[in-house]
Structure formats: C-alpha cells, structure tokens
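Chemist: Okay, sequence plus prediction incoming.
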Amino acid sequence: MKIYIFVLALGLTASIAQSQEISDAMRYSQDNLNGTARFRAMSGAFGALGGDLSSINVNPAGFAIFSNNQMGITLSNNDTKNNSNYFGNTTSEKTNSFDLNQAGAVFVFNNRGTNSNWKKVSLGVNYENTNNFDNGLYSAGTNPNNSIANYFLSYANNGNNGTPVPQQFVNRESGESISDLYSFLGRNLPNSQFPRLSGFDAQQAFLGYQAFVINAVDENNENSPFSSNVPNGGNYYQENSVYSTGYNGKLAFNAATSFKDKLYIGLNLNSHFTDYQRSSGFYEDNNNPLDSNYKVKRIQFNNDLKTYGTGFSFQAGVIAKLTNEVRLGLAYESSTWYTLTDELSQSLVAVSSNSGGELPSDVVDPQIINVYEAYKLQTPSKVTGSFAYIFGKTGLISIDYAMKDYSNTKFKPKNDAYFNGLNSDMDSMLDTTGELRIGAEYKIEALSLRAGYRYEQSPYKNAVTIGDLTGYSAGLGYSFGSTKVDLAYSYAKRNFQQGFFNQGFTDGANIDAINNNVSLSLLFEL
C-alpha cells in the first residue's frame, strides 16, 4: 500500500531525487564576452588597462585607473545561429534577443594630502548580464540504430542499483491516478527499503511503462526486467528541439586604490543571481515492420526545466605601471558558490499500431512539477595575467591570458552518492584551459577605432563535447567631452556535441554555434 501526502492541488511535489548533469555545471562555469561596448570591441583584454566600467570583471584594480567619476549603460542585441548535423541531416535555428547588458558607476576620491603616497580611492558598482540564456536548438534526422525507448528501458532495468525497478512503482493501484503515482515516486524515493532507487529514476520507468513504450517481461514477477515495445529492424526518424530563456546576472561592488600612481589595487565582492528556463521536446516515428502484436510507432517526450538561485564570489587584482608605456596586471577570481533549485515537469505521448491499424494515443501527463531540494554548485576559480603597452595618447595594445581548471567544478553536498559520482566524472573528463584575449585601440582626435581577438580552449579533455572558441570583435567610439558613445560588434564560433539524453539513448547532434552581438554604450563623466 502506498501512502500519499497530498499537495496535488498545487501540482507540486517536493523531491530529493537528482537530475543534474555536467552540462548544467558548464552552464554556470563558462564566461561569455559581455560588458561595455569598448570592452567588447577589444575582446575583453582589459586586465592591465582598467579605466572601463567592465574592466573589473577581469581585474578589480581597473577602477583605480579612473581620473573622474563615471557612469554608463549598455544595450545589446544578441543573435545566435545553431547549425545542427544529425546523422547527415542538417538543420538550422536562429534566436535573437535584446537586453540591458550593463549598467554601472564609479566614484573617485582624490587624496589632496601632499605627504601621502596613496593618491586616491575609488568606489564603484557594476551590473552585467554575464550570460544570456536565450537560445534555440533544432535537430532532425533518421537514426538507423537507436530509439528513445532505450532511455526509458535503461532507467527501468538499472534504476534500482543496477536491477529492475519493482513492479509496484510502475503499476497503478485501483483508483490511483497517473498524477498520484508520479508524485509518490518523487516524494518517497529513495527510502529505507529502496535506498539506491531515486524518485527520478523510478519516474522515468513509470512514464515509459504507462505509455506502453516499455513492458515487463513477466507481469507476475515483482522484479521482472523490462523490454521495449518499439519494433526493431528499421529506421527511426527523430526530432529534438530545445528552447531556453533567462539570464545569469552579476552585481559587483568594488573598492580600489592607487599607490604613487604606480601600483593599483582592487577588490570585488560579487553577488550572482540566475533564472534559467528550458523547454525541450523529442519526437520519434518509425517505419519498422508490424506483426499481430501492437508496437509503438510514434513518441513525443516533453521536459520543462526551471533553475533559479543565487551565488557569491570575490575578485582581487593589481596593476603595476612599470613605465608610462608598460603596464602589467595580475588578478584572481574565486569560485562562485551557487545555491540552486530545479523544477521539472514531464509528459509522454505514444501511439501504437498493429496489423489491424492504429490505436488511440497513450497520454501520460502527470501535470506535476518536481521541486528538487536546493543544492550547491562550486564553479572553478580563474587566474589572469595581463600586459598592456600605451602609445601615448594615440593608441594601445593589450593582452590577457587566463587559466581555469574546470575539473575543480563541484556539486555539493559531496557526501551525496549521486553528486559524488558526478564530481568524479567531472574530475576525469574536464581539464585546465587557457583563454587568450588581445585588444587594440587607435585614436584620431575624438574618434577611437578598436579591434580584438579571443581564443578559449575546450573545458573537456576530448575537446569534442565542447570545442574551442574563436572570436573576433571591432568597434568605434566618439567622445563629446563629458559624454561618450561606443559601438561594438563581436563574433564568436564554437562547436559542441548535443547529447539528447544522458542515459540509455545518448545519441546527439553536432552543433556549430555562431554568435553575433552588437552593443551600444552611453557614458557620462560627472
């Protein structure tokens, strides 16, 4: 007898199951090129330069370079194109979004005391939309080997510590609805009787079973293995669509100072907040031969995920002016410690046929939102070394090189069995990466011309799951005295493999992701 705690009127079920993946960790661990238009135009190479509101993202000492108070705002138009190749079939999907990318201010307090070597103190605050999650992926093609049924089959046959999920968790009792049992699994597993069976695993087996995508080999055996009801011997036409929205915001509070106008020191305290929503749909049909028994011909599997939470990090940095022309910078960015919450809802529709024709659809829609227990994510820290050469008042060139060890990414608590396994996978699969940023600026009176280059290595040891990133940028700015207007264009390309599911059915598409961004900044000196 199953015992229920009803809050179903709200359509919510609190769950201790885990469904996080390495891709979730990468979403919050990787940086995008964001900030003011000048910062973007020079590909973010500001570690030894400073003097820009977004420079503190690289080196907090950058605010001590300012001579006057300044405030600014940046608007951005982001265009993403994802070209997909799935078993030789190519598709493309574009996403365009417009947002307030940056807003900030710095206030400079000069020390008029003639005997002090500490020339000034600056205080500032800067907000940036560090990640824009608005994106769309669409892949379609004919898979000659695997069906989505293998996803449900894998959870059903291996979810209970490598043994089949018990029949009591996939079969409904008299008077028990789909919502009742789906909610029960999320609330009550694992438990003392089934300590190695998570609610999420059991829910996947339940969905597949109730839609007749999988079936027990022996209905009278409580621990019977399961088999697929999708026919073999043909091709599987499949479509996978993933559409996401949201942002990852960072609010930085900065304090910086200058010693003899030769050494600049700064510190950031950063508050992070994120809101990510993803709607994914997978469709499959097949032309495999039928017999007198019914077989599944079409499947539609939908998942809607929402992740939200907050985080904290800090940064410290120095800039040394060796000569009037040469500057060196060194900065450290700590891990970001996130506290995140996931909400997941699912539905499955399957259509079966036999030699007599097509049967009515089997719809499994629990209309339940799984609200998982809050968990923690620690992203990797980063160290950046920088060099800049200033050509008087006519131009400059700047080079940054940053290193980040992605294998230090951790889900917490570490003593959780699922997280422990996930952390071990990240430790073995992820690598230390380098990122090179080069920027240049040339001034013609009030007009400034800018360009930049960016290269970032893959965080994966295989360099295939997520490939290397290459980016270019250009821009211009015009000074009206106390008011400045900057415009920037940036381009970035990266290849990656989009695994549709993490278990049972792990086939996916090869994606060429191309990002084009146009940013406009308006700056005021006060």
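Modeler: Structure's in. What do you need? Numbers count the residues shown, from 1 in each chain.
Chemist: got the buried residues for whichever strand or helix holds D79?
Modeler: For D79, the element it lies in under DSSP states H and E is strand 70-86. Of all the residues in strand 70-86, those buried under the rule 16 or more other C-beta atoms under 10 Å are 70-76, 78, 80-84, 86. The way it works is simple: take the backbone N, C-alpha and C, and place the C-beta from them, glycine included.
Chemist: Can you tell me the strand partners of that strand and which way each runs?
Modeler: Partners of strand 70-86 in the sheet, by DSSP bridges, are strand 89-110 (antiparallel), strand 508-525 (antiparallel).
Chemist: Averaged pLDDT, it. What do you get?
Modeler: Averaging pLDDT along strand 70-86 gives 97.
Chemist: Give me the nearest residue to N68, chain neighbours excluded.
Modeler: E525 (4.9 Å; C-beta to C-beta, 6 or more residues apart in numbering).
Chemist: residues in contact with that neighbour?
Modeler: The contact partners of E525, by C-beta atoms under 8 Å, 6 or more residues apart in numbering, come to N68, N69, Q70, S482, T483, K484.
Chemist: what lines up beside the biggest strand by length in the chain in the sheet?
Modeler: In the chain, with assignment by DSSP state E, the single longest strand is strand 295-321. Here strand 295-321 is paired, per DSSP bridges, with strand 263-286 (antiparallel), strand 326-333 (antiparallel), strand 337-354 (antiparallel).
Chemist: Contact partners for N150?
Modeler: Taking C-beta under 8 Å, 6+ apart as the test, what N150 contacts is S228, G504, F505.
Chemist: Go through those and name the one nearest T245.
Modeler: F505 (25.8 Å; C-beta to C-beta).
Chemist: okay, now that closest one: neighbour count?
Modeler: Taking other C-beta atoms under 10 Å as the criterion, the count of residues near F505 is 23.
Chemist: could you list every residue that touches F312?
Modeler: F312 neighbours (C-beta under 8 Å, 6+ apart): L269, N270, S271, H272, T336, W337.
Chemist: Point out where the stretch 351-500 of the chain drops to low pLDDT.
Modeler: 355-356 (pLDDT under 70).
Chemist: Could you measure from the spatially closest residue to G439 that is not a sequence neighbour over to V213?
Modeler: In this structure, G439 finds its nearest non-sequential neighbour in M42, 2.8 Å apart by C-beta to C-beta, 6+ apart. Per C-beta to C-beta, to the nearest Å, M42 is found 53 Å from V213.
Chemist: before we move on, what about W118?
Modeler: In terms of C-beta to C-beta, W118 sits 70 Å off from V213.
Chemist: Looking at those two, which is more packed in?
Modeler: Taking other C-beta under 10 Å, W118 and V213 do not tie; V213 has more neighbours (29 against 13).
Chemist: The more buried one and V296 touch, don't they?
Modeler: Yes. Assessed by C-beta atoms under 8 Å, V213 is found in contact with V296 at 5.6 Å.
Chemist: Spit out the residues that contact the two alike.
Modeler: With C-beta under 8 Å, 6+ apart as the test, V213 and V296 both reach A149, N229, V230, A350.
Chemist: CA-only coordinates of stretch 510-526 in PDB, if you can.
Modeler: This file holds the C-alpha atoms of stretch 510-526, laid out as PDB (Å, rounded to 0.1, in the frame of the first residue of the first chain):
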ATOM      1  CA  ASN A 510      26.900  18.000 -33.800                       C
ATOM      2  CA  ILE A 511      26.300  21.800 -33.400                       C
ATOM      3  CA  ASP A 512      28.100  24.700 -34.900                       C
ATOM      4  CA  ALA A 513      27.100  27.700 -32.700                       C
ATOM      5  CA  ILE A 514      27.700  31.200 -34.200                       C
ATOM      6  CA  ASN A 515      27.100  34.200 -32.100                       C
ATOM      7  CA  ASN A 516      26.800  37.800 -33.400                       C
ATOM      8  CA  ASN A 517      26.500  40.700 -31.000                       C
ATOM      9  CA  VAL A 518      26.000  44.400 -31.400                       C
ATOM     10  CA  SER A 519      26.400  46.600 -28.300                       C
ATOM     11  CA  LEU A 520      25.900  50.400 -27.700                       C
ATOM     12  CA  SER A 521      27.200  52.200 -24.600                       C
ATOM     13  CA  LEU A 522      26.400  55.700 -23.400                       C
ATOM     14  CA  LEU A 523      28.900  57.000 -20.800                       C
ATOM     15  CA  PHE A 524      28.800  60.200 -18.700                       C
ATOM     16  CA  GLU A 525      31.700  61.700 -16.700                       C
ATOM     17  CA  LEU A 526      30.400  63.500 -13.700                       C
END
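Chemist: Could you tell me how far it lies from the centre of the chain?
Modeler: 18 Å (C-alpha atoms, centre = their mean, to the nearest Å).
Chemist: Let's test this: mean pLDDT of it, rounded?
Modeler: Mean predicted lDDT for stretch 510-526 stands at 96.
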